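**Q** need a 3D model of the sequence below.
(2 chains)
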Amino acid sequence: MSHFYLTLYVLVWPVIAAIVMAVLCVSLFRDIRKAKREGKDLV
Amino acid sequence: MYQLSITTVLLLLLGFYGLTFLVSLRIGKKKENVDSYMVSNNSIGFGMSAASMTATWIWAASFYAAASSGYKYGISGALHYGLWGALMILFIYPFGKRFRQLAPKAHTLAEIMHARHGRSSQMILAGSNILGSVISLMVNFTAAGALVEVLSPLTFTHGVLIAGAGVLSYTLWSGFRSSVLTDFGQLLAMIIAAVVIIPMIFFQLGGPELFTEGMARLTPEQSSFFSKSAILEQGAPFFVAVLAYAIGNQTIAQRLFAVREDLIKPTFITATIGYGAIVIGLGMLGFLALLAGVQPLDGDLNNLIPQMAATYLPPFVIGLLFIMVIGALSSTADSDLSALSALVMTDVYGKNIAKGKPNPTTMLWVGRVTMIVATMVGVIFASLKLDILTMLIFVGALWGTIVFPVIASLFWQRVTNKAFTSAVAAGFSMFLVTRFEMLPMQGVVAVFFELCASVGGGVVIGMMAFGFFGRNAGLVFGFLALAALAPFAVGFLRDYPVLLSSLTAYGVSAMVCVAVSFRSQNRFDFESIGERVVAFQTKAR
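**A** Prediction:
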């Protein structure tokens, strides 16, 4: 396997983790706004 | 090895637990509702629930074990830990949707078993859940002690005590609600640390050039993506445990009952991806250590991650790693405390002592006292550095035997309490015989158990297919797996007692459960579960 693919194999995981973090932060922001709008507790 | 100073470590711990405590104060209520204390409002949003599921499933051992696997098995090692761990979350959600459909107001899975079968099945499940959570709590406190001991001049016991007090402080008052809320911040800390640490260590070791010299250090097995030893020694036993851990773990069930019902699928898929990326990524540090020729300190593979960090990272990033591990172990420990309190509140006090008519105030204090006692037990056992391997083996086996009876009970009207308990008893007994080789594993005896294990393999594959594609697909895939495994297993599996015994537990419990159920004339009405499993306190107090 070439060095390029091995490098990709090692570094792809933090990239995916960062994408998941972004998705969760956006969703949480929406959840907070919705809870405030409806006057409900977040948890 | 580089160590953080006592002041730095104390400031980091005080900052972490202090901030978490302040966050938990924002949701604290003078009079908590008992149902919210266990499962929140049954309608938590996607972001919060996916983060909580991910953070809970990642415990400190996830990092150490993934890195150990990467170091030991090379290129595929981290995958054989992280991928199967991630799939545990994925494979449970189709069944989770069924649990929610049958009992929308449930607090524990054992409570549903009480409504389905009665006390003995409930207590088998609740007992194994309690034991599992106490062990998990102990392991997480142990990890805190070990981390503090390795990265600072403080002792192991200091680390255990600080973690125990810190986790209890923010979980005690609001229970599960605190656990879920604080999980979000703890997961962010973990992800930020992983995103920074993995590339930093990779480039410190020389970046892509590391492969030029490093690949020569690997054995042919370690440099193969399809390493037989990685599959048989790491991947396969983990794969077999996929459903057992998910069913046996109250922390997962609690989140299944807490998330908004229509968000179960996206929540669990996101948690699968998040868990996989973080854990496999950190497992890569073990692979990088192998490529760089790093020798683990004192020959202990658990030292790999702190050792790599201390050798190749600046002090600030070591502090970040410290917080990452503390976040991982705390998020799981607070979930364990919430799980234990829900089990004792619901299955011990609510269903058995109060006979379904609990006093909410008493029930709430039962939960809080449970947390205090569990923390004390966890701290004491962790400080004693007990060998938990045997306990883990027993709990894992018990979980393996209950998977089929639990799932079958919630889909098949014929399953009875007798079928459930006899399946668990038979599966567990046969597990003991194979795991501890009470009979010589040769000749007819070995063939018998290898065939039972093949059935177990068919059961695992069949149940996974059943969860996603329905009964017919489950039966077809199950029998195909059995037919494919049996010729391969006979004469072979006897040399792998861990795998043989785990599969035997699944196979025997499934066969006994099916056989006893077919003798029954009962036809259970599933609608009655929702009528029996209700909220303990309908109005907020």
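**Q** and stretch B:3-13, C-alpha only, in PDB?
**A** Output of stretch B:3-13 as PDB, limited to C-alpha atoms (Å, rounded to 0.1, in the frame of the first residue of the first chain):
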ATOM      1  CA  GLN B   3       5.200  14.500  34.200                       C
ATOM      2  CA  LEU B   4       2.900  17.400  34.900                       C
ATOM      3  CA  SER B   5       3.500  19.200  38.200                       C
ATOM      4  CA  ILE B   6       1.200  18.600  41.200                       C
ATOM      5  CA  THR B   7      -0.200  22.100  40.900                       C
ATOM      6  CA  THR B   8      -1.000  21.700  37.200                       C
ATOM      7  CA  VAL B   9      -2.700  18.300  37.700                       C
ATOM      8  CA  LEU B  10      -4.800  19.600  40.600                       C
ATOM      9  CA  LEU B  11      -5.800  22.700  38.600                       C
ATOM     10  CA  LEU B  12      -6.800  20.600  35.700                       C
ATOM     11  CA  LEU B  13      -8.900  18.300  37.800                       C
END
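**Q** can you list the buried residues in it?
**A** When burial is assessed from 16 or more other C-beta atoms under 10 Å in any protein chain shown, stretch B:3-13 yields the following buried residues: B:3-4, B:8-10, B:12-13. Glycine gets a C-beta too; all of them are placed from N, C-alpha and C.
**Q** show me which of those residues is closest to chain A.
**A** Distance ranking of those against chain A, using C-beta to the nearest C-beta, places B:Leu12 first at 21.3 Å.
**Q** so what's A:Tyr20 closest to, chain neighbours aside?
**A** Just so we're on the same page, residue A:20 is Val rather than Tyr. What sits nearest to A:Val20 in space, not counting adjacent residues and going by C-beta to C-beta, 6 or more residues apart in numbering or on different chains, is B:Gly274, at 4.2 Å.
**Q** tell me which element that neighbour falls in.
**A** Assigned by DSSP states H and E, B:Gly274 belongs to helix B:264-292.
**Q** so what does that helix touch, helix or strand wise?
**A** With contacts taken as 3 or more C-beta pairs under 8 Å, 6 or more residues apart in numbering or on different chains; DSSP states H and E, helix B:264-292 sits against helix A:3-38, helix B:46-57, helix B:60-73, helix B:77-102, helix B:176-204, helix B:209-214, helix B:304-312.
**Q** nearest to B:Val406, of those helices?
**A** helix B:77-102 (8.6 Å; C-beta to C-beta).
**Q** and the closest one, how far out from the chain's middle?
**A** Its chain's average C-alpha position is 10 Å from that of helix B:77-102, according to C-alpha atoms, centre = their mean, to the nearest Å.
**Q** B:Pro296 contacts B:Pro306, correct?
**A** No. Distance between B:Pro296 and B:Pro306: 10.3 Å, which falls outside the contact criterion (C-beta atoms under 8 Å).
**Q** follow-up on the earlier one: count of neighbours near the residue nearest to A:Val20?
**A** 29 (other C-beta atoms under 10 Å in any protein chain shown).
**Q** contacting residues around it?
**A** A:17, A:20, A:24, B:50-51, B:54, B:187, B:191 (C-beta atoms under 8 Å, 6 or more residues apart in numbering or on different chains).
**Q** of the helices and strands packed on helix B:264-292, flag the one that's most buried.
**A** Comparing the helices and strands packed on helix B:264-292 by mean neighbour count (mean count of other C-beta atoms under 10 Å in any protein chain shown), helix B:46-57 ranks first with a mean of 29.
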